[in-house]
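[1] sharing a model that was predicted from the sequence below.
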Amino acid sequence: MRISVKTAAAAACGIAAALLVSGCSVFSDPEGTTKYSYFEPDKTTVTTLPPETTEPTTTEATTADDEAVVAAVEGELASLLDESSVEVVCGGKSVIIPASRVNAPADPERLAARLSERGCAPDTLERYLALKGALPQGKTDRSAIRAELAAFQKMLESAAASTYEIDGRVLTLHVGEKTQELKIYGTAAKVAEAFDGFAYGKVEADYTEKNPELPWDEIAAACSVEAVDAHYEYVDLNENARLVPETDGYALDMEQIQNRYAHAKEGATLTFTARDTHPTLRADNVDEMLFSYEISSYKTWFNVNEWSRSENIRLASRNIDGAVIMPGERFSFNGTVGERTKERGFQEATVYVQGTMEPGLGGGICQVSSTIYCAALRGGFTQVYRYNHQFTISYTALGEDATVYWGALDYSFRNNYDFPVKILMEIDGGFLNVRIMGQEPENKFTVVIEHETEKELKQKMVYEEKKDMKPGTEKLQRKGKPGYIIITKVTVYQNGTVYSRWEYKDTYDPYNGLTYRGPKITSESTTEETTTEPPETTRKTKKTTEPTETTEPPESTEETTKKTKKTTESTEASSEPPETSSEPPETTEPPASSEETTKKTKKTTEATEPSSEPPDGSSEETPAE
């Protein structure tokens, strides 16, 4: 058990005081037997008193004697450790490290000499060792020595610090007095060695001289402006990212400054000027650096002879070309192209409206959205909003179209790569080519798309009466085309392994045929005609009545039958799914009159009330461009 040296010292002093007050002295005779003697303080003669009638027991005497020995030794040990120290000297300055602060051991020989000087018996230390086994010695704590030296280092640095001033791009340094930089680990080892060898006294520190430390990071930040690369950012959250040009900056050459400062003399003044810095990415090379790799592409064909439709495709493509989508952000077709108006240059072309085809502003731009969808699907991008047309189209495979309509239907995909991507729109003759550019990814995607026809939906022939036609006659306006239920299966491979797989179902309504008919022949009209004639012409009327029952000549009836037969054959022939060609669907419907167009436009306007959220994907009652 280790006894606190301070407690032991106090105990020893208490016992000694008690003995002195009582006039008792402890000493040993030649045989080593401890005896007690008393003296009167005012007399020089020591009188030995006879033993008391009742002497203390041997156990009690021994215990008291042992306690006195322990108290005397440990009290002296504490005093010795406080007085023992090592002085570390560095460049004319020094610090004293007491042995007690670093748990260093005491010198047994010096302890024995100090006990002897205090008048203790020569065997006091031996008796203590017999009682305790060993002195309560510690082991020199080197980490405590390093802590003492670190505090000493701060004192050395506070002598005469250097100062600095910053004026715009100009830095001025005023060099202070040189300080000593301790080699703390080497010096700590020398101090520990001195304590362990009881070589108390001075130890020369290992150090190097240097100018006072300055807050270099703070100086560098205060006298610099970082150059900014040309980059894309969202100026308006409703639009795609825009290019922000680069900006130059300036900065100090900190390596040069610190090198000159380290070799400067005390009291010197140094001046430095920040130099210009330039960004890596500039407006003239940012696209080359960021968008040099083609992630995916897709091409469709359109009929350049259909001027209005072609013009809409060109205008929409021009608005999209160069659109940049940042990582994690989404591309919106409607948000990028904007509203289709005459003021913006959009033309009227054929669109689907409530189950029919009619002229509408922006007709044809669905081919643009569908081509982008095909490219994004093959690039492994996440699809956010996409809706198929109500009827079949011919410029993409069924299941790969994407209809749009301002205020109702939007096409959108998300950039799930960790770098920005750019959409490039290229028109060459009648070909529209969409390319999505970015950086070459570490893990490349391969997308496989398969289509399956689940069901064919037969079209019907619709008959519409036309009063301006000859009664009993028919005229085929359009043959119509069947609809389909298409299942599209998408498999995404990454480095040859299936990364994801999903499928979706699209329904395309049949586009019914249309035949115009003249008014039916009724018996009422014949009777009316007969009764208006005079009596003498009744016979003639009867003769004329017979051919009136068949309003068309035989050849017309045969001709109509042939037409009907041809229509039936055409309908049956078109029951097979159309080929996936890029040629837009043809229409034989004549242009509507101005009155009819006004009515249809009104219906379209009612169907296109703005909607804050896209509908559930049904385009049955919604116009499609």
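    On my side now, so go ahead.
[2] what's the domain layout of this structure?
    Following automatic domain parsing, the chain resolves into domains at 227-286, 291-538+576-607.
[3] and those as TSV, adding distance to Ser100 and mean neighbour count?
    For the C-beta atoms, the positions are set from N, CA and C on the backbone; glycine is no exception. TSV is the format used below for the domains of the chain (distance: least, Cβ to Cβ, whole Å; neighbours: other Cβ atoms under 10 Å):
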stretch	distance to Ser100	mean neighbour count
domain 227-286	38	14
domain 291-538+576-607	61	17
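[4] quick check: which of these is nearest to Pro122?
    Nearest to Pro122, of all these, is domain 227-286, at 59.4 Å by Cβ to Cβ.
[5] can you get me the start-to-end distance on that closest one?
    Domain 227-286 stretches 15 Å from its first residue to its last (Cα to Cα, to the nearest Å).
[6] could I get the average pLDDT for it?
    For domain 227-286, the mean per-residue pLDDT is 85.
[7] where's it relative to the chain centroid, distance-wise?
    25 Å (Cα atoms, centre = their mean, to the nearest Å).
[8] which of the domains of the chain sits closest to Ala199?
    Closest among the domains of the chain, once you apply Cβ to Cβ, is domain 227-286, at 35.3 Å.
[9] can you tell me how far Asn312 is from Val351?
    10 Å (Cβ to Cβ, to the nearest Å).
[10] shared neighbours, the two?
    Common neighbours of Asn312 and Val351, using Cβ atoms under 8 Å, 6 or more residues apart in numbering, are Gly362, Gly363.
[11] figure out which of the domains of the chain is closest to Ala205.
    Among the domains of the chain, domain 227-286 comes nearest to Ala205, with 20.5 Å by Cβ to Cβ.
[12] just list the residues touching Ile219, thanks.
    Contacts of Ile219 (Cβ under 8 Å, 6+ apart): Tyr164, Ile166, Leu171, Leu252, Met254.
[13] hang on, isn't the second one packed against Ala220?
    No - under the contact definition of Cβ atoms under 8 Å, Ile166 does not touch Ala220, with a separation of 10.5 Å.
[14] tell me the contacts of the closest residue to Val225 other than its chain neighbours?
    Residue nearest to Val225 in three dimensions, not counting chain neighbours: Gly249, with 4.3 Å by Cβ to Cβ, 6 or more residues apart in numbering. Residues near Gly249 by Cβ under 8 Å, 6+ apart: Ser224, Val225, Glu226, Ala227, Val228, Asp276, Thr277, His278, Pro279.
[15] which ones among the residues you listed are found in helices?
    Within the contacts of Gly249, no residue falls in helices by DSSP state H.
[16] dump these into JSON lines; add distance to Tyr463 as well.
    Compiled in JSON lines, those are given as follows (distance: Cβ to Cβ, whole Å):
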{"residue": "Ser224", "distance to Tyr463": "82"}
{"residue": "Val225", "distance to Tyr463": "78"}
{"residue": "Glu226", "distance to Tyr463": "76"}
{"residue": "Ala227", "distance to Tyr463": "75"}
{"residue": "Val228", "distance to Tyr463": "70"}
{"residue": "Asp276", "distance to Tyr463": "81"}
{"residue": "Thr277", "distance to Tyr463": "79"}
{"residue": "His278", "distance to Tyr463": "76"}
{"residue": "Pro279", "distance to Tyr463": "71"}
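[17] packing partners of the longest helix seen in the chain?
    Ordering each helix of the chain by length in residues (DSSP H) puts helix 58-83 first. Contact here means 3 or more Cβ pairs under 8 Å, 6 or more residues apart in numbering; DSSP states H and E; on that basis helix 58-83 packs against helix 5-22, helix 108-117, helix 124-132.
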